[in-house]
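Student: Mind looking at a prediction? Sequence and model below.
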Number of protein chains: 2
Amino acid sequence: MGNKAVTKPFSLNDLPGAGRMDVLCRCTSQALFISHGIRKDVEVYLLLLGPPEPPKVVLVKGNEVKRMSPDERNIAGHIRKALTVECDKRWKKVHSGVYISKKGLKELLEELSKNYSLIYLKEDGVNISKAELPSNPLFILGDHEGLTEEQEEIVEKYASLKLSLSPLSLLAEQCIVIVHYELDKLTLECFTQP
Amino acid sequence: MGNKAVTKPFSLNDLPGAGRMDVLCRCTSQALFISHGIRKDVEVYLLLLGPPEPPKVVLVKGNEVKRMSPDERNIAGHIRKALTVECDKRWKKVHSGVYISKKGLKELLEELSKNYSLIYLKEDGVNISKAELPSNPLFILGDHEGLTEEQEEIVEKYASLKLSLSPLSLLAEQCIVIVHYELDKLTLECFTQP
């Protein structure tokens, strides 16, 4: 969730200045990429709430996206392109695997909660090692400033779990790496073989 | 370790084109930063082995560095600045917390092995959950192409452990996040409190 992330095309030479678009780019990168590959079962929803036309959501689908690479500038280019497209409440395809829509937090979570088990990542949640993870989880993360009280109220209404990863307050993209790591441990058999 | 990473100033608008400098920037970012803070006990050694003047090592010290932020372009700016400085075998200060030196892999590891327990991260190592981590560890990672046979021979001579993190082949910066996560679990008491 990018509370400051701009909702119009921005300069690729100053991603932090575009409402910390760099944070959203790194989150997208760490959610989608592994070495020489992309996680095809991942979808990334970037909620942009900065000026001048909030809210907008950019969706990146791992199983469709093309010509994306893990560097911030490349991903920012995809987001920038999406922001040139006129959009309404429906998902509009920008190009392969990238969509945009004019939804706010509540509408987005309402939609996502039909297909996913929503999990809110927050420092004061239950440690992930002590929780039973649902199938088809979707993790909700704040940006560098966290969620507002009002946003938190909405998220807590839809999320079935509130999990923490570390007693340290980590960068959003680090949370994503750790969540993948923990999920991989659960799902990849080779981890549990002797 | 950046086998292709260039050893002269490069364009901040094309980090992948500078011998995948983007990989080294993300590694530096994930090694040093947490949310609103920097890990002061971390040192990052970037071995640049690309044209035109290999080898060069850029060192970033977490307890000294200033005006660094976690986005790739900012970190690339620091590396770029370091590459404008004439250097020899000694560590030369570029500015607060950033140093450069003209060392190759063997010389660097020879020096580092005096103060650190070297650990090589590789997919075929022992899983980190099954290993006892030494105090004062230093982790050696390849870039997106891994190490050459010759480099691996040198690394295996100096490294006391070869560890793996996941059966998946992860991005170098993801390995760094997971190593911090595992080390934090060992060192931060709150993880183990009931």
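Tutor: Done, it's in.

Student: Going by C-alpha atoms from here, please, whenever you check contacts or count neighbours.
Tutor: Will do.

Student: Name the single longest strand found in chain A.
Tutor: strand A:117-127 (DSSP state E).

Student: Which other helices and strands does that one contact?
Tutor: Contacts defined by 3 or more C-alpha pairs under 8 Å, 6 or more residues apart in numbering or on different chains; DSSP states H and E place strand A:117-127 against strand A:137-140, helix A:149-158, strand A:161-164.

Student: With respect to chain B, which of these lies nearest?
Tutor: Ranking the helices and strands packed on strand A:117-127 by proximity to chain B (C-alpha to the nearest C-alpha) places strand A:161-164 first, at 10.7 Å.

Student: could you point out which element follows that closest one?
Tutor: Sequence-wise, the next helix or strand downstream of strand A:161-164 (DSSP states H and E) is helix A:172-187.

Student: Run the angle between that next one and strand A:117-127 for me.
Tutor: Relative orientation of helix A:172-187 versus strand A:117-127 (axes from the mean of the first three to the mean of the last three C-alpha atoms, to 10 degrees): 100 degrees.

Student: ok now helix A:172-187, how far from the chain's centre?
Tutor: Taking C-alpha atoms, centre = their mean, to the nearest Å, the mean C-alpha location of helix A:172-187 is offset from the chain mean by 13 Å.

Student: residues of that helix that come out buried?
Tutor: Across helix A:172-187, burial judged by 16 or more other C-alpha atoms under 10 Å in any protein chain shown covers A:172-182, A:184-185.

Student: which of the helices and strands packed on strand A:117-127 is buried the deepest?
Tutor: strand A:161-164 (a mean of 21; mean count of other C-alpha atoms under 10 Å in any protein chain shown).

Student: shaky segments in chain A?
Tutor: Chain A contains residues with pLDDT under 70 at A:189-194.

Student: Swap in 90 and give it another go.
Tutor: Counting by pLDDT under 90, the ranges of chain A that qualify are A:36, A:143-146, A:167, A:186-194.

Student: who in chain A is up against chain B?
Tutor: Contacts of chain A with chain B, taken as C-alpha under 8 Å from any C-alpha of the partner chain, map to A:13, A:16, A:22-23, A:30, A:33-36, A:71-72, A:144, A:166-172, A:174, A:177-178, A:181, A:184-185, A:188, A:190-191.

Student: re earlier: would JSON lines of the helices and strands packed on strand A:117-127 with distance to residue B:134 be doable?
Tutor: As requested, those are arranged in JSON lines below (distance: least, C-alpha to C-alpha, whole Å):
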{"stretch": "strand A:137-140", "distance to residue B:134": "34"}
{"stretch": "helix A:149-158", "distance to residue B:134": "41"}
{"stretch": "strand A:161-164", "distance to residue B:134": "27"}
